[in-house]
Every structure is written in structure tokens, then in C-alpha cells.
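Colleague: Quick one: sequence and predicted model below, then my questions.
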Amino acid sequence: MVTKESTETEVLRAEVRAFLDQNLPEKWGTPDYEPPELRSDEAITLSKSFTKKLYDAGYTGFGLPTEYGGKERPASERAVIREELGRRGTPPLSGGLGRLVVETLMQWGTDEQKKRYIPKILSGEESWIEGFSEPNAGSDLANVQTTAVRDGDEWIVNGQKCWTSSWQLGDWCFILSRTDLNAPRHRNLSFFLFDCNTPGFSRGPLRQMTGDAPFGELFFDDMRVPHENMVGEEGRGWYVAMTTLIAERGGGQVAAGSGEAGGAAQAMRAVRTIGNVDNLIELAKETKRYGKTIWEDDTFRKRIVQLAIENEAQRVYGIRLGGIIRSGKASGNEAVMTKMTRTEQGKRRGDMETEIIGAYSQLMRGDPRAPDEGSYTQSMLSSRGTTIFMGTNEICRNILSERILGLPRGN
Ligand SMILES: Cc1cc2nc3c(=O)[nH]c(=O)nc-3n(C[C@H](O)[C@H](O)[C@H](O)COP(=O)(O)OP(=O)(O)OC[C@H]3O[C@@H](n4cnc5c(N)ncnc54)[C@H](O)[C@@H]3O)c2cc1C
């Protein structure tokens, strides 16, 4: 059945399309468009300016109160906007992990904190990084050793964080620090926000097996943070951090329709995910082995189709999960499930791509003979990290086995 859109919907759709025509870079979406190098100044400027334009046009921040820079819009309008942004794709949005700060502040922040930070995150003006993990506090996050000692209206922070994604791009950072050396576990931590220009703060790269250094280390040497930058109560940082982690596992993996702060980004992610299977099919169709294409090989075709089915299930579940998160009824288990299944799929896709290109997968980026400029190998290697970040998939399995299946804890 074909239904006709209402006049209001048609007007909004035309408005969003006109906005994109005017504000996307020239030749965007065509083979002639040359994207700027990842993490280059040009890429950062493009992300920041496009995010600001989206914000000014009222195409982001849905569901958040207007006094914090949010935008009230009926679900039907949000859907149209996301659909149009998703259809054209958009440059990566600025803000880094700011959306996690939004979710965390909405639950634990003071009114001043919400007014100070959320609008600048939504508009992409300030980008955020996450300083949770430490050399001996990854899966066992409660074991963080970075300390913060009160001195009047300030806290003096000392210690180190590691594996910080996009370490070089953060204008601001959130950290978990030990504020009481005697209190019991989970009650001895506090959650702080700080400006990355604060004296006593420094950072540097950590190189991954891909050859890139997308994450790094953070160092605190008598760094002073104002007390007003603490989120939640002193000693309750563990509980604040749990909100951040739920948002990270859920929000970061949710497909289109989630209704959370970075709606456009979510829509894009869904489009990209579907695109990934399409690319895989294309690759299988154009690669020949023993006189026939990989796509003609039954076993391989079944594996790709299975991946496509799982992707679609993920997409639909993502839409449902978006509703659950917004209704405030998320238990956290949904997000753990999504994180785990999506990252396992990503790893399998990377494996399939490298299997298809065969021995050429040993050629890294920069080698002129590497298929698609080495991107298949690069994404296969990067996919390993996704099963580790946001809590490893082993930890996710522990959580699900205890909380959903009711299995006993191991010793
Ligand atoms: C790409 C990437 C980006 C990241 N970005 C950030 C970031 O921006 N900010 C940040 O703070 N951190 C970040 N991390 C760190 C990430 O959160 C940690 O690497 C992760 O929590 C695991 O900690 P670990 O590396 O110390 O491993 P460990 O905790 O030492 O674990 C080692 C192995 O033991 C297993 N294991 C540990 N405990 C158990 C258990 N109880 N049951 C079963 N198995 C267990 C783990 O699954 C893993 O296989 C990132 C990591 C990666 C790979």
C-alpha cells in the first residue's frame, strides 16, 4: 500500500534536503569527493563546522530539554530528519564521546553542569575523550589507582590512564579517580570532568597492530581540577561511571532510530552497516578463484547471507533499544548484548573480506598492490579492538550469564 505523506512532512523533507544541498561539501557522495585524511586538521574542521550547522538548524539534540540546547520535535519529524541525513550520509559528527557525557550529566549532573557542557557537545564545539582504563584497571575498572586529593575548592589529580581513544582530539576529558584510600571498593571513586589545557595534564600515543595510533595514554602530574567539576557525589563515581558505560555500550552500538543525542550519527551508522554487507557482496562477485567468482561458491554465499540476516536483526533491535533507552527502562543488559553481537559480527566480516582477497590481505596500507588501498586488512585488524573496548566480550558474557541466565559467579 502506498501512503501519501502529509504536507508538513513533505515540507520538512524538502527543508532537510535543501539544507544538505547547501551545507555538505562540494561533490559529497560522488566518486570525485576526496575525503580529508582521518584525524587531520581539515577533517576536524569539517566535522566541527558540519555539526554546528546541524545544531543551528535544529537537526540534533532531540529529546533533550531546550535549556540544555536540546530540541523538542515529534517522533515523526525526527524520523524524517534521520532518514534524510542517513540517505545522504554526513561527515563524521564532532564531539567525540561527548554524547556519553550528555547521558551521564542528564542523570547525575547539576543544572549548572548541564547548561555549561551539553550545548557545546551538541553543537560540536567541544570534543570529549574517556579516561577510565589504566594499566591495571581495564576489565577490573574498580581497581583504578589514579588519585584525587582535596585541597580547598580543588582536587589534585595524580596518575595515568591508557587506551584512550582519539586521545589527541579531546578538548575535555572525563575520568574516574580514587578519592578515598580507605573506603570499600566501589565506594572510593569519584567522577571528574576537566579541560585538556589544564596544567599538569599531558598525553601521548600508543601504537596499535594496524600501525596507527588512534588511542593513547594520559598523564596527571599534580593536575588541579575545580570541585565544581565533580559529577555526582564524592565516593559515588562508580555508579556515575556505570551510567556512562551503559550509554557507551548501548548508544555507541545502537542503529538508526535510537532517539538519543547524536541521532544523525546513529542513522549514518545504520546505513554504513548495511553498506558493509553490500560491499562484501560486491567484493565476492568481483573476485575470482579457480575459474568462478567467490559469490558462486555456495558455502561462502551462505556465510555472507547469514551476516546480512544478523545485521538486519541488529538494525531492528537497535530501533527497539533506542525506545527502551529513552523510556528510562534500560537495564544495561540490552546494551551489553548489542555491543557483543555487533562486534563479533564486525570481526567475522573482517575475516571474510580478508579470506576473499586471500594472500593480498598480507599487504598493508601504502603498498600499491594492496586491494582497496589496504582497507580490508586494516578493518580486519581494527575489528579485534572492538571486541575489547567498552568491556571485553568475555566480560559481556559474564554479565549476561549472571544477570539474564542466572548462572552462578565464578571464583
Ligand atoms: C580500540 C580500543 C579503544 C579503547 N578506548 C578506550 C577509551 O577511550 N577509554 C578507556 O578508558 N579505555 C579504552 N579502552 C580500554 C578498554 O576498555 C580495555 O582494554 C578493556 O576494558 C580491557 O582491559 P585490559 O586491556 O586491561 O585487559 P584485561 O582486563 O587485563 O583483560 C585481559 C583478558 O582477560 C580477560 N578477562 C579479564 N577479566 C576476566 C573475567 N573476570 N572473566 C573472563 N575473562 C576475563 C579479558 O576478557 C581479556 O581477554 C580501549 C580499548 C581498545 C582495544
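Modeller: Structure received.

Colleague: Return the backbone torsion pair for residue 152.
Modeller: The phi/psi pair for residue 152 (degrees, to the nearest 10) reads phi 60, psi -120.

Colleague: wait, what's in contact with it?
Modeller: Residues counted as contacts of residue 152 (CB atoms under 8 Å, 6 or more residues apart in numbering): none. C-beta here means a position set from N, CA and C on the backbone, and glycine is covered the same way.

Colleague: switch the cut-off to 10 Å
Modeller: 224, 226, 227 (CB atoms under 10 Å, 6 or more residues apart in numbering).

Colleague: would you say residue 221 is within a strand?
Modeller: Yes - assessed with DSSP: H, G, I helix; E, B strand; the rest coil, residue 221 lies in a strand.

Colleague: burial of it, as a residue count?
Modeller: When counting by other CB atoms under 10 Å, one arrives at 13 neighbours for residue 221.

Colleague: so what's it closest to, chain neighbours aside?
Modeller: Beyond its immediate neighbours in the sequence, the residue positioned closest to residue 221 (CB to CB, 6 or more residues apart in numbering) is residue 200, lying 4.9 Å away.

Colleague: residues near the one you found, how many?
Modeller: Applying other CB under 10 Å, we find 15 residues neighbouring residue 200.

Colleague: That one reaches residue 155, doesn't it?
Modeller: No - contact criterion CB atoms under 10 Å: residue 200 and residue 155 do not qualify, at 11.5 Å.

Colleague: Give the residues shared as contacts by the two.
Modeller: Each of 194, 223, 224, 225 lies in contact with both residue 200 and residue 155 under the rule CB under 10 Å, 6+ apart.

Colleague: which one of the residues you listed sits closest to the ligand?
Modeller: Within the shared contacts of residue 200 and residue 155, the smallest distance to the ligand is 14.4 Å, found for residue 194 (CB to the nearest ligand atom).

Colleague: The closest one belongs to a strand, doesn't it?
Modeller: Yes - judged by three-state DSSP, residue 194 forms part of a strand.

Colleague: Among the contacts of residue 152, which lie within strands?
Modeller: Residues of the contacts of residue 152 located in strands (DSSP state E): 224, 226.

Colleague: Can you lay out the contacts of residue 152 as a markdown table showing pLDDT, neighbour count and distance to the ligand?
Modeller: Formatted as a markdown table, the contacts of residue 152 follow (pLDDT from 0 to 100; neighbours: other CB atoms under 10 Å; distance: CB to the nearest ligand atom, whole Å):
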| residue | pLDDT | neighbour count | distance to the ligand |
| --- | --- | --- | --- |
| 224 | 98 | 17 | 22 |
| 226 | 98 | 15 | 22 |
| 227 | 98 | 13 | 23 |
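
Colleague: Apart from its neighbours in sequence, what residue is nearest residue 33?
Modeller: Nearest to residue 33 is residue 27, by CB to CB, 6+ apart, at 4.3 Å.

Colleague: Counting neighbours, what do you get for the one you found?
Modeller: Count around residue 27 with other CB under 10 Å applied: 10.

Colleague: Could you name the specific helix or strand carrying it?
Modeller: Element membership for residue 27, per DSSP states H and E: none, as it lies in no helix or strand.

Colleague: Now the residue of the chain found nearest the ligand: phi and psi?
Modeller: As assessed by CB to the nearest ligand atom, the ligand sits closest to residue 138 within the chain, at 1.9 Å. Here is the backbone geometry of residue 138 (degrees, to the nearest 10): phi -110, psi -90.

Colleague: residues from the stretch 151-300 of the chain in reach of the ligand?
Modeller: When proximity is defined by CB under 6 Å from any ligand atom, the stretch 151-300 of the chain lies next to the ligand at 163, 164, 165, 215.

Colleague: If we use 8 Å, what do you get?
Modeller: Counting by CB under 8 Å from any ligand atom, the positions of the stretch 151-300 of the chain adjacent to the ligand are 161, 162, 163, 164, 165, 166, 167, 208, 214, 215.

Colleague: Identify the bridge partners of the last one.
Modeller: What that stands for is residue 215. Beta-bridge pairing of residue 215 under DSSP bridges involves residue 165, residue 206.

Colleague: cool, and the first one?
Modeller: Assessed by DSSP bridges, residue 161 has beta-bridge partners residue 218.

Colleague: part of a strand, is residue 176?
Modeller: Yes - under three-state DSSP, residue 176 sits within a strand.

Colleague: Correct me if wrong: it contacts residue 191.
Modeller: Yes - using CB under 10 Å, residue 176 is in contact with residue 191, at 5.9 Å.

Colleague: hmm, back to that, got the contact list for the residue nearest to residue 221?
Modeller: So residue 200 contacts 156, 157, 158, 194, 219, 220, 221, 222, 223, 224, 225 (CB under 10 Å, 6+ apart).
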